[in-house]
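Novice: Sharing a sequence plus its predicted fold:
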2 protein chains.
Amino acid sequence: MPEPIDTVLASEMTPAARRRLRVRASILDAAERMIADAGEDGFSIRRLAEEIDYSPAAIYKYFGSKDELVDELKEAFFGRILTHIDRVQGSQEPFSHRAHHCLRVYIEEALEKPHQYLGAFSGIVDPDDAIQNESNKARAFDYLISMVEEGQARGQFDPARDTVVVAKSVWACCHGAASLLAHLPHFLESMKTESPVERDAFLDLHADIILNGLYKR
Amino acid sequence: MPEPIDTVLASEMTPAARRRLRVRASILDAAERMIADAGEDGFSIRRLAEEIDYSPAAIYKYFGSKDELVDELKEAFFGRILTHIDRVQGSQEPFSHRAHHCLRVYIEEALEKPHQYLGAFSGIVDPDDAIQNESNKARAFDYLISMVEEGQARGQFDPARDTVVVAKSVWACCHGAASLLAHLPHFLESMKTESPVERDAFLDLHADIILNGLYKR
DNA sequence: ATTAGGAAGTGAACACTGTTCACTTTTTGA
DNA sequence: TCAAAAAGTGAACAGTGTTCACTTCCTAAT
């Protein structure tokens, strides 16, 4: 297994290595752009190669397979979600605000790249892989756990419930909203409500309902 | 546009039509079986054709395209969900039981065919299609709306909230659980909880939290 | 019973896809 | 300067969805 290159400072790299890294990044960049506006179906190695003026085979000098390439994209994507949640959790707002914000930020950031978000949850993951235990997805989930923990410690959330399980339930609620909104762009447009509901209002209501459900009664 | 064959009674059909219908059904059947245990990736028209001893081209005498074929599968899938929800809603149980049951049944039935459920929500739907307004998916959602309506009418759910929007939020929560459980078979197995949480217990908690969030306080 | 017409079914082809591999060109470190 | 390694390529393989001319078979009307 080769040493991960990007853990070394760019300044103490050989020019060749820096160049390689730049090409790698440009491949990922083009791939992300293509997926963002054509979906994962309209994205192929051959078209990607053409886009950046390489031969298809060249891509395989940088990535083991198409899957590896898009997995890296997904990981970076969840990395971005992670930093956003991190910023919220580290803020000085009161708990209820932070909690509300935390859920919203996850969904909003997910909807920034609908194709990628949907792609990240398509297909069944083999449990025997278990590599994804230290993925950014898992790290973001840890924030959720600590949020529930804090709510229980403050005596606002029902402490009788298993913290981790509650966090999973909350994640499911957030993921559901993100997934549906990404999948059905017209999700919020309905004949039955006269004026179209703004995404913002929906997310507020959604987060309210979820957190409401956690409170002790 | 040809008249939909299956709206005519089988008894008043020509033998050829009945035969055609049987072949069509057997194609769908094989397709469902293949997707169920190999996923949508391991499913191809050519393998399907081989499975049922036809040429690939023959499939296209029955279905316009691969997408049309699997769309029909998805529609039937949500039809099954629909009848299950229908049974629950028509039962004589008290409201809170029915509501709880309704959410669980959706998730449980979705998990009966994880690949199909995930497939049904992959990719972005073009809003201009608008055909899916009378799909079984939409019909199942109508049940959810009426459930929220009943809760509000009984004065148990907060009546100040927009019924349809609340129903959408609830759907998102259910979809999220179904989607995550289907996507990550090991979703409930965690190092952090000593004993593994049963799916049953999780679904109970999840439905509790959601409905809890709807109650007036 | 015969025959015309349409439905059912097929093999070959087209234009794609991911991936590999022998091969050439370029870059690099000693 | 030169060998070794890295970067890049064209051609091929096996697979995909789909189409189309073609045959075979069934059925409805004469």
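Specialist: Received it, and whenever you're ready, just let me know what you need.
Novice: residues of the helix or strand bottoming out on mean pLDDT in chain A that come out buried?
Specialist: Ranked by mean pLDDT, DSSP states H and E, the weakest helix or strand in chain A is helix A:15-38, scoring a mean of 94. Residues A:21, A:24, A:27-28, A:30-32, A:34-35 are the ones in helix A:15-38 that count as buried (16 or more other Cβ atoms under 10 Å in any protein chain shown). Any C-beta I mention is one placed from the backbone N, CA and C, and that applies to glycine too.
Novice: so which of these comes closest to B:His206?
Specialist: Using Cβ to Cβ, A:Ile35 is the member of these that lies nearest B:His206, at 31.3 Å.
Novice: right, and that closest one touches A:Tyr117 too?
Specialist: No: in this structure, A:Ile35 is not within contact of A:Tyr117 by Cβ atoms under 8 Å, at 11.0 Å.
Novice: Return the residues in contact with A:Pro159.
Specialist: Residues near A:Pro159 by Cβ atoms under 8 Å, 6 or more residues apart in numbering or on different chains: A:152, A:216.
Novice: Mind doing that once more with 7 Å?
Specialist: Shown in contact with A:Pro159 (Cβ atoms under 7 Å, 6 or more residues apart in numbering or on different chains): A:Gln152.
Novice: per-residue pLDDT, it?
Specialist: Per-residue pLDDT puts A:Pro159 at 95.
Novice: same check, this time on A:Asp126
Specialist: 86.
Novice: doesn't it fall inside a helix?
Specialist: No: applying DSSP: H, G, I helix; E, B strand; the rest coil, one finds A:Asp126 to be coil, outside a helix.
Novice: ok, it to A:Tyr117 distance?
Specialist: For A:Asp126, the distance to A:Tyr117 (Cβ to Cβ, to the nearest Å) stands at 21 Å.
Novice: and the residue nearest to A:Gln156 when sequence neighbours are not counted, how many neighbours does it have?
Specialist: With sequence-adjacent residues excluded and distances taken as Cβ to Cβ, 6 or more residues apart in numbering or on different chains, A:Gln156 is closest to A:Tyr215, at 6.1 Å. A:Tyr215: 14 surrounding residues under other Cβ atoms under 10 Å in any protein chain shown.
Novice: Provide the partner residues of A:Tyr215 in its beta bridges.
Specialist: Per DSSP bridges, the residues bridged to A:Tyr215 are A:Phe157.
Novice: how about the helix or strand hosting A:Ile85: buried residues?
Specialist: Per DSSP states H and E: A:Ile85 is located in helix A:66-89. Neighbour-count burial for helix A:66-89 flags A:66, A:69-74, A:77-78, A:81-82, A:84-85, A:88-89 (criterion: 16+ other Cβ under 10 Å).
Novice: so which of these are also by DNA strand C?
Specialist: Among those, proximity to DNA strand C is found for A:Lys66 (Cβ under 7 Å from any atom of the strand).
Novice: and which of the buried residues of helix A:66-89 is nearest to A:Ser190?
Specialist: Among the buried residues of helix A:66-89, and counting by Cβ to Cβ, the member closest to A:Ser190 is A:Ile81, at 28.1 Å.
Novice: Contact residues of chain A facing DNA strand D?
Specialist: Contact residues (Cβ under 7 Å from any atom of the strand) of chain A with DNA strand D: A:16, A:19-20, A:23, A:53-58, A:61.
Novice: who touches stretch A:134-141?
Specialist: With contacts defined as Cβ under 7 Å, 6+ apart, stretch A:134-141 is touched by A:75, A:78-79, A:81-82, A:85, A:132, A:167, A:171.
Novice: and with 8 Å instead?
Specialist: In this structure, residues lying in contact with stretch A:134-141 by Cβ under 8 Å, 6+ apart are A:75, A:78-79, A:81-82, A:85, A:106, A:120, A:132, A:167, A:171.
Novice: Please, where are all the helices along chain A?
Specialist: Listed in chain order, the helices of chain A (DSSP state H) span A:15-38, A:45-51, A:56-59, A:66-89, A:95-112, A:114-120, A:136-153, A:163-183, A:199-214.
Novice: Against which helices or strands is the second one packed?
Specialist: The one in question is helix A:45-51. Applying 3 or more Cβ pairs under 8 Å, 6 or more residues apart in numbering or on different chains; DSSP states H and E, we find helix A:45-51 packed against helix A:15-38, helix A:56-59.
Novice: which among the buried residues of helix A:15-38 gets closest to A:His100?
Specialist: Nearest to A:His100 among the buried residues of helix A:15-38, with distances taken as Cβ to Cβ, is A:Glu32, at 29.7 Å.
Novice: Excluding covalently adjacent residues, which one is nearest to the closest one?
Specialist: Closest residue to A:Glu32 apart from its sequence neighbours, by Cβ to Cβ, 6+ apart: A:Leu73 at 5.6 Å.
Novice: For the one you found, which residues are in contact?
Specialist: A:28, A:31-32, A:35, A:116.
Novice: neighbour-wise, which of A:Asp126 and A:Tyr117 wins?
Specialist: A:Tyr117 (24 against 9).
Novice: That one contacts A:Ala178, correct?
Specialist: Yes: using Cβ under 8 Å, A:Tyr117 is in contact with A:Ala178, at 6.0 Å.
Novice: Touching both of these two, which residues are there?
Specialist: With contacts taken as Cβ under 8 Å, 6+ apart, the residues that reach both A:Tyr117 and A:Ala178 are A:110-111.
Novice: show me what contacts the residue most central in space within chain A?
Specialist: When Cα atoms, centre = their mean is applied to chain A, the residue found nearest the centroid is A:Phe78 (3.4 Å). Neighbouring residues of A:Phe78 by Cβ under 8 Å, 6+ apart: A:120, A:135-137, A:140.
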